[in-house]
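Enquirer: model this:
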Amino acid sequence: MSSSEGKLSLSSSELDLDRPNIEDYLPSGSSIQEPRGKLRLRDLLDISPTLTEATGAIVDDSFTRCFKSNPPEPWNWNVYLFPLWCFGLAIRYLILFPVRVIVLTIGWIIFLSLVIPVHFLLKGHNKLRKKMERVLVELICCFFVASWTGVVKYHGPQPSMRPKQVFVANHTSMIDFIILEQMTAFAVIMQKHTGWVGLLQSTILESVGCIWFNRSEAKDREIVAKKLRDHIQGVDNNPLLIFPEGTCVNNQYSVMFKKGAFELGCTVCPIAIKYNKIFVDAFWNSRKQSFTMHLLQLMTSWAVVCDVWYLEPQNLKPGETPIEFAERVRDIISVRAGLKKVPWDGYLKYSLPSPKHREQKQQSFAESVLRRLEEKS
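Expert: Have a look, this model is predicted:
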């Protein structure tokens, strides 16, 4: 009985951590006081429009915390620690960062000096050319991970090339793909980007069979769905990798999985990725930071530490819908990676109101409740 009570108290405390605190939005020096008189139905009806808006603000707040990066706790707050912090800063920016730039530059020189001859000289030998290009893509990904001093621990059997299987993983940053790619040359489903990332997509990553789409193009969904079905039928095609959340989440939560990967009629192989934030937060907030700046942040940190679990393959059960199948796989990944499940569609991230507008609504709600309680006191 005591153990069950302990579990209940633990779960309630965890829920409290995710529950917005109204007092955070009150004016400084104010607090909520208990009303002295009885609160009647008409009193609640007077503020019912505000309650409706407040509910939306609270829901929105619980959604947006899935896409917020947690700033590191400051530890250089006294005269003893500040010199150590400065010393560490100098090591990271003046020693580690230049060395990492050199490592990445050497990697690109080796990669380009090999991939260009392979691509043009082996055009008549498609099987050998694909194998060489696959090895070279894995090589450049290894150099990328080395440029962050990546410490990655892989658990479980390494993926193999088999028809009628698809790999799905939780998504924190574009570096998820690089970390997985250095071990196995996956063909990934990814949003089409611009700039130097888009150039890599349209040239180098095309060689491993990657498929690109654009969220703003509705017709792309049908084209991608057809390419997915064709890809999983090929015996010699690289394993297919999909991030079914459809967007980057901060590695503390998992949002709803899109059902596309789960209605292909093939085996689904879950992959759980968990980053250790002791040295750097690997979450990429694409709305606030370019991928170039994200890479610079990783290259000026001490290290990128993470665990990758290749989990047991799953198949659609009799009577199970693709949506239920997606939720079951999301449960498996969330439990293994220690993520909190939330019932939100990640694509809502691209149609969010501005944080300033949301905070104004929350402030308005807090002031209305405070004013009403003061009137009854």
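Enquirer: could I get the full set of helices for this protein?
Expert: Residue ranges of the helices in the chain, as given by DSSP state H, are 2-18, 41-46, 48-64, 81-90, 97-121, 126-146, 175-181, 195-202, 219-233, 291-299, 322-337, 355-376.
Enquirer: most tightly packed of those helices?
Expert: Mean neighbours per residue, mean count of other CB atoms under 10 Å, is largest over the helices of the chain for helix 175-181, with a mean of 23. No exception for glycine: its C-beta is placed from N, CA and C like everyone else's.
Enquirer: give me the helices and strands touching that one, please.
Expert: Other helices and strands packing on helix 175-181, by 3 or more CB pairs under 8 Å, 6 or more residues apart in numbering; DSSP states H and E, are helix 126-146, strand 187-191, strand 267-276, strand 304-310.
Enquirer: show me what the third one is in contact with.
Expert: Residues outside strand 267-276 that contact it (CB atoms under 8 Å, 6 or more residues apart in numbering) are 159, 164-170, 172, 176, 179-180, 241, 251, 261-262, 281-283, 304-315, 325, 329, 332-333, 336-339.
Enquirer: quick one, that strand and helix 322-337 angle?
Expert: Between the axes of strand 267-276 and helix 322-337, defined by axes from the mean of the first three to the mean of the last three CA atoms, to 10 degrees, the angle is 40 degrees.
Enquirer: give me the low-pLDDT residue ranges for the stretch 201-350 of the chain?
Expert: Counting by pLDDT under 70, the ranges of the stretch 201-350 of the chain that qualify are 215-220, 349-350.
Enquirer: quick one: buried ones out of the contacts of strand 267-276?
Expert: For the contacts of strand 267-276, a neighbour count by 16 or more other CB atoms under 10 Å gives the buried set as 159, 165-170, 172, 176, 179-180, 241, 251, 261-262, 281-283, 304-311, 314, 325, 329, 332-333, 336-337, 339.
Enquirer: which ones are touching residue 262?
Expert: With contact taken as CB under 8 Å, 6+ apart, residue 262 is in contact with 244, 268, 316, 322-323, 325-326, 329.
Enquirer: check residue 84 too.
Expert: Residues touching residue 84, when contacts are defined by CB under 8 Å, 6+ apart, comprise residue 76.
Enquirer: going forward, count from 57.
Expert: Yes, from this point I'll number from 57; that puts the last item at residue 140.
Enquirer: now do it, the pLDDT please.
Expert: Confidence per residue is given as pLDDT, and for residue 140 that number is 89.
Enquirer: now do residue 248
Expert: Here the pLDDT value assigned to residue 248 is 77.
Enquirer: isn't it up against residue 261?
Expert: No: with contact defined as CB atoms under 8 Å, residue 248 and residue 261 do not form a contacting pair (11.1 Å).
Enquirer: quick one: which of those two has more around it?
Expert: For residue 248 and residue 261, the more surrounded residue by other CB atoms under 10 Å is residue 261, and the numbers stand at 21 against 16.
Enquirer: ok, now how distant is residue 335 from residue 305?
Expert: Residue 335 sits 20 Å away from residue 305, taking CB to CB, to the nearest Å as the criterion.
Enquirer: ok, the two, which is more surrounded?
Expert: Here residue 335 and residue 305 are compared on neighbour count by other CB under 10 Å; more neighbours surround residue 305, at 23 against 18.
Enquirer: pretty sure that one sits against residue 228.
Expert: Yes: with the criterion set as CB under 8 Å, residue 305 and residue 228 qualify as a contacting pair; they are 6.5 Å apart.
Enquirer: contacts only, for the most centrally placed residue in the chain.
Expert: Centre of the chain computed as the mean C-alpha position; nearest residue by CA atoms, centre = their mean is residue 228, 2.2 Å away. With contacts defined as CB under 8 Å, 6+ apart, residue 228 is in contact with 304-307, 329, 331, 338-340.
Enquirer: same thing but at 6 Å, please
Expert: 304, 307, 338-339 (CB atoms under 6 Å, 6 or more residues apart in numbering).
Enquirer: so can I have CSV of those residues showing distance to residue 129?
Expert: Formatted as CSV, the entries for those read as follows, by distance: CB to CB, whole Å:
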residue, distance to residue 129
304, 23
307, 17
338, 17
339, 16
